[in-house]
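>>> following is a predicted model, sequence given first.
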Amino acid sequence: MIDMNFDRDQFVWTDEKIIEALRADADRRGRTPGRNDFDVHREGRPSAMTVIRRFGTWNAAVQAAGLPTRSQGMRLKVDVAAIERRKKKARRLREDGASLNEIANTLGISKSQARRDYLGLENNRGQ
């Protein structure tokens, strides 16, 4: 991940840094990020528009990173092992007293996704 101790006004997102950020995000999610996904919790990452400006299209950047694209009719290849690792991490964080918000931020997902998909909780507020 990119060191956050940088001057944003002087920082330039190179192709290599963008590719690194895309791969790290895909690894964290267990799937190729969509451009809307990429702008959520984007600390240490470029904006989706920066990626598109640099590569021309979102899919061109995804392909440059060696990740599967969301082509019409093509389902994303799901890395089951990566998802299981993330579920275990979510459960460990929960056992260590992390809030739902902290878990979601750590995993780069929404609170509802953390609650439902990673912790197996019902949609009750305050959990």
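Yep, that arrived.
>>> please name the nearest non-neighbouring residue to the most centrally placed residue in the chain.
In the chain, the C-alpha closest to the average C-alpha coordinate belongs to D25, at a distance of 3.7 Å (Cα atoms, centre = their mean). Closest residue in space to D25, ignoring its immediate chain neighbours: P33 at 4.7 Å, by Cβ to Cβ, 6 or more residues apart in numbering. Any C-beta I mention is one placed from the backbone N, CA and C, and that applies to glycine too.
>>> okay, buried residues for stretch 15-26 please.
Of the residues in stretch 15-26, those buried under the neighbour-count criterion (16 or more other Cβ atoms under 10 Å) are 18-19, 21-22, 24-26.
>>> from the residues you listed, pick the one nearest G44.
A21 (7.3 Å; Cβ to Cβ).
>>> how about the nearest residue to that closest one, chain neighbours excluded?
Once chain neighbours are set aside, the closest to A21 by Cβ to Cβ, 6+ apart is R45, at 4.5 Å.
>>> next one: phi and psi at the one you found?
Recorded main-chain torsions at R45 are phi -130, psi 160, according to degrees, to the nearest 10.
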